[in-house]
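> next comes the sequence, and after it the predicted model I'd like to discuss.
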Amino acid sequence: MVPHEGDPAPDFLLEGVPEGRYRLADQRGKVVVLAFYPGDFTPVCLRQLRHYEEQREKLVATGATLWAVSTDKLEKHERMAKSYALSFPLLADPEGKVADSYGVRSLLGTARRSVFLIDPQGIVRYRHEDPLSLSYRSVDDILRALDESGLVKTTA
């Protein structure tokens, strides 16, 4: 079942960079911004991830946790994070199981660009998908969605 607003967020355990294992259930009590993207080193994804890094402090100020997920392998994430000094976690979903569970796996097997906001109880409070993956939600868009979802009060 694909989660919609008000549904429990599917739990997962993925390897990621910075090196470690990332389990969604371990984030209970926190707001999680889950950003799916098609692939490392692609033009739009590169702009998206660099934008998130440049604006990361705005998200950190809300107390929300940002995780970015693609179907790339861990080694590619390591190169991407190192090449562009990305400090937030890049999670590897090479088999696409997590993208499937969130209903955002494309026909090509990659993740479609999308953002989920998950509340401290593990419930999806916001879902946005960019059907063609040619644009992305900016940090300001995410802050607005956090505020409108009642997850945090932003000052922006």
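Here it is on my side, so go on. Numbers count the residues shown, from 1 in each chain.

> alpha carbons only for contacts and neighbour counts from here, please
Will do.

> could you look up the SS state of the residue nearest the centre of the chain?
The centroid of the chain falls nearest to residue 35 when counting by CA atoms, centre = their mean (1.9 Å). The local conformation at residue 35, judged by DSSP: H, G, I helix; E, B strand; the rest coil, is strand.

> thought it was touching residue 69?
Yes: shown here, residue 35 and residue 69 form a contact pair, counting by CA atoms under 8 Å, at 6.1 Å.

> what sits against residue 138?
By CA atoms under 8 Å, 6 or more residues apart in numbering, the contact list for residue 138 reads 48, 51-52.

> export the residues you listed to TSV and tack on distance to residue 118?
Compiled in TSV, the contacts of residue 138 are given as follows (distance: CA to CA, whole Å):
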residue	distance to residue 118
48	20
51	21
52	18
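
> dihedrals phi and psi, residue 69?
Backbone geometry at residue 69, expressed as degrees, to the nearest 10, gives phi -130, psi 130.
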